[in-house]
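Asks: how would this look folded up:
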Amino acid sequence: MFTLLLIGVLTLTVDIKQAKSEWTGTVYIRADGSIDPPDAPITTYDNVTYTLTDNITSSGDGIIVERDNIVVDGAGYTIQGTYDYPYKGVDLTGRSNVTIKNMEINTFYYCILLNSSSSNSIVGNNITNNFDGIFLGDSSNNTISGNNITNNYYGISLGRSSNNTISGNNITNNYYGIFLGDSSNNTISGNNITNNHNGIYFRYALNNAIVGNNITNNYYGIYLYYYSNNNAISGNNITANIFDGIYFRGASNNNAISGNNITNNYDGITLYSSSSNTIVGNNITANNNYGIRLISSSSNNVFCHNNFINNTDQVYTSDSVNVWDDGYPSGGNYWSDYADVDLYSGPFQNETGSDGIGDMPYVIDENNADRYPLMKPYPWGSHDVGITSLTTSKTVVGQGYNLSINVILFNYGNNTENFSVTLYANTTVIGTFENITLASRNSTTVTLTLNTTGWDKGNYTLWAYAEPVPNETDTTDNTFTYGVITITILGDVDGDFDVDIYDVVKITGIYGCNKNDPEFNPNSDLDDDGEITIYDVVRCTSHYGETYP
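Replies: Okay, the predicted model is just below:
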């Protein structure tokens, strides 16, 4: 019994010795390199690298740095406060060339404060449950990278700060993910910004670059407010935001929005009383309610080379007049609901040959139209050929007579290409054109005459296939399906495989017309001479009453 009691006491004694309270108070790294107070859980051997050795809790500030040109390594330890104003987790006021890394910092009013600070690095920290995650006031040339910034009111906030770099951070569940107030020439790149109220918010912010970020599942992806001008927003994925992917308001002018994927937001881009912005080369796709929404005199904006694909409404405009193309031959935008064809070219779309631009404008409203809508999504590849049109002389042809087929080919790429085109009726090859040479941004027409002698009566799906050229990546338009042609009894004008009074009426009803008349129907021109004559009537009536099968 005595032995067991002794073992128990010794065990308890060991446990008591191992138990250790977190250090409480404020730590100062003094200008001379000393640590104050001396028992603080920070160690240094060279007065350059300072490493935490325990957690710190504080009812005031956590660490106050008074020395430049040092590294403070949290080594995974936690600094925790009480959320009271105006206390800081780490205070870098007036500091230069200080690195703060590998810390868990939470529950402060200012988690990390940079005030009149320059050339510092905030790297690889977990910053949670603070009012301000990282605050920069009147600070420049600092780097904030690789941090997890979560559940703060402001994730990263900049006031009157310039030339800072914010990159590679995970910024989640804050009210403002990144806030730029009266700040300029900052670069925000490669961050993941999710589930914030505002992903990135501008207010009086100028000349900032927002590049290559993933901005998803926020209320607003990017919000530009009150004279936020001359910013560049490019190459971002802006997806599934509850309201707008990008929202301009309050005379936010002269911004450049380019190369972004703006997908599945409530509205893709909204401009409210904002003008002279350029929106170029964006993919605005997949069920945005409005791809673009322009309200309250948002005029003189330029939209070109964007892809508007499958939005509920591509564009909504109110009291706004804008430019929707870059002139000819540069062109306008691609619209997935554009229904016209590309048979002609030139500034007035009245010259022979395709040019990759639709022959009729895409009309938005009485004051807005894309004069030169693109026929395929932009950008066009360096090596890219396609079929822009397949037409036939008629859709119903008498067995034994000829059908003329025209295929227009266009080279969208930047290089002269050599390729072949094959035409099919169902799965039967009806003709191949080899060694077609086509210069960049040029078209050509190939014509095939199909003699239907020996063909069974029936319906045939007519289509063409252009062989992809080397290094071609977009082959969606290398196949063009025309639709159904009918080979039938001579005199069967309507293609129902019998010759009856309805066929006779369809011929006699346009008797005397030629191919230049608007009512001319080539199916009624049985002998293909370009006019409806007595010979067509005779050919029809000579087969009157015949049916197939």
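Asks: got the domain boundaries for the chain?
Replies: Described in terms of automatic domain parsing, the domain architecture of the chain consists of the residue ranges 385-488, 490-549.
Asks: Now the terminal residues of the last one, how far apart.
Replies: Between the opening and closing residues of domain 490-549 we find a distance of 14 Å, counting by C-alpha to C-alpha, to the nearest Å.
Asks: rounded to a whole number, what's the mean pLDDT of that domain?
Replies: Confidence over domain 490-549 (mean pLDDT, whole number) is 96.
Asks: one step back: any chance of the domains of the chain in a markdown table, plus distance to T285 and mean neighbour count?
Replies: Bear in mind the C-beta positions are built from the backbone N, C-alpha and C, glycine included. Conversion of the domains of the chain to a markdown table gives the following (distance: least, C-beta to C-beta, whole Å; neighbours: other C-beta atoms under 10 Å):
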| stretch | distance to T285 | mean neighbour count |
| --- | --- | --- |
| domain 385-488 | 15 | 17 |
| domain 490-549 | 38 | 16 |
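Asks: can you list these in CSV and add distance to G212?
Replies: Below are the domains of the chain laid out as CSV (distance: least, C-beta to C-beta, whole Å):
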stretch, distance to G212
domain 385-488, 21
domain 490-549, 54
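Asks: To N47, which of the ones you listed lies closest?
Replies: For the domains of the chain, distance to N47 was read as C-beta to C-beta. The smallest value, 56.7 Å, belongs to domain 385-488.
Asks: part of a helix, is D536?
Replies: Yes: the assignment for D536 by DSSP: H, G, I helix; E, B strand; the rest coil puts it in a helix.
Asks: For it, which non-adjacent residue is closest in space?
Replies: If the residues on either side of it in the chain are set aside, D536 comes closest to L526, at 4.6 Å by C-beta to C-beta, 6 or more residues apart in numbering.
Asks: Phi first, then psi, for that neighbour.
Replies: Recorded main-chain torsions at L526 are phi -70, psi -30, according to degrees, to the nearest 10.
Asks: end to end, how far does stretch 453-464 reach?
Replies: From the first residue to the last, stretch 453-464 extends over 21 Å; the measure is C-alpha to C-alpha.
Asks: Which one of the domains of the chain lies nearest to G94?
Replies: Among the domains of the chain, domain 385-488 comes nearest to G94, with 53.2 Å by C-beta to C-beta.
Asks: Any idea how far apart the tips of that closest one sit?
Replies: Using C-alpha to C-alpha, the end-to-end distance of domain 385-488 comes out at 35 Å.
Asks: now D132: how far from N185?
Replies: With distances defined as C-beta to C-beta, to the nearest Å, the gap from D132 to N185 amounts to 21 Å.
Asks: Next: F410.
Replies: In this structure, F410 and N185 are separated by 43 Å, where distance is defined by C-beta to C-beta.
Asks: again with S299
Replies: From S299 across to N185, the span is 28 Å (C-beta to C-beta).
Asks: ok, these two, which is more surrounded?
Replies: When S299 and N185 are compared on other C-beta atoms under 10 Å, the one with more neighbours turns out to be S299, at 19 against 15.
Asks: how far away is that one from Q314?
Replies: Distance from S299 to Q314, by C-beta to C-beta: 18 Å.
Asks: cool, I105 as well?
Replies: Spatial separation of I105 from Q314 under the definition C-beta to C-beta is 46 Å.
Asks: and N170, how many neighbours?
Replies: Based on other C-beta under 10 Å, the number of other residues close to N170 is 16.
Asks: count of neighbours near G124?
Replies: As a measure of burial, G124 has 18 neighbours, counting by other C-beta under 10 Å.
Asks: And it, how close does it get to N164?
Replies: Distance from G124 to N164, counting by C-beta to C-beta: 17 Å.
Asks: Repeat that for Y334.
Replies: 37 Å.
Asks: If you count surrounding residues, which of these two has more?
Replies: Regarding Y334 and N164, a neighbour count based on other C-beta under 10 Å identifies N164 as having more, with 25 against 21.
Asks: rewinding a little: the residue nearest to D536 contacts I489, correct?
Replies: No: when contacts are counted by C-beta atoms under 8 Å, L526 is not listed as touching I489 (10.8 Å).
Asks: which neighbours do the two share?
Replies: G398 (C-beta atoms under 8 Å, 6 or more residues apart in numbering).
Asks: What is the least confident helix or strand in the protein?
Replies: Among the helical and strand segments of the chain, the one scoring lowest on mean pLDDT, DSSP states H and E is helix 2-18, with a mean of 37.
Asks: next SSE after it?
Replies: Following the chain from helix 2-18 toward its C-terminal end, the next helix or strand by DSSP states H and E is strand 23-24.
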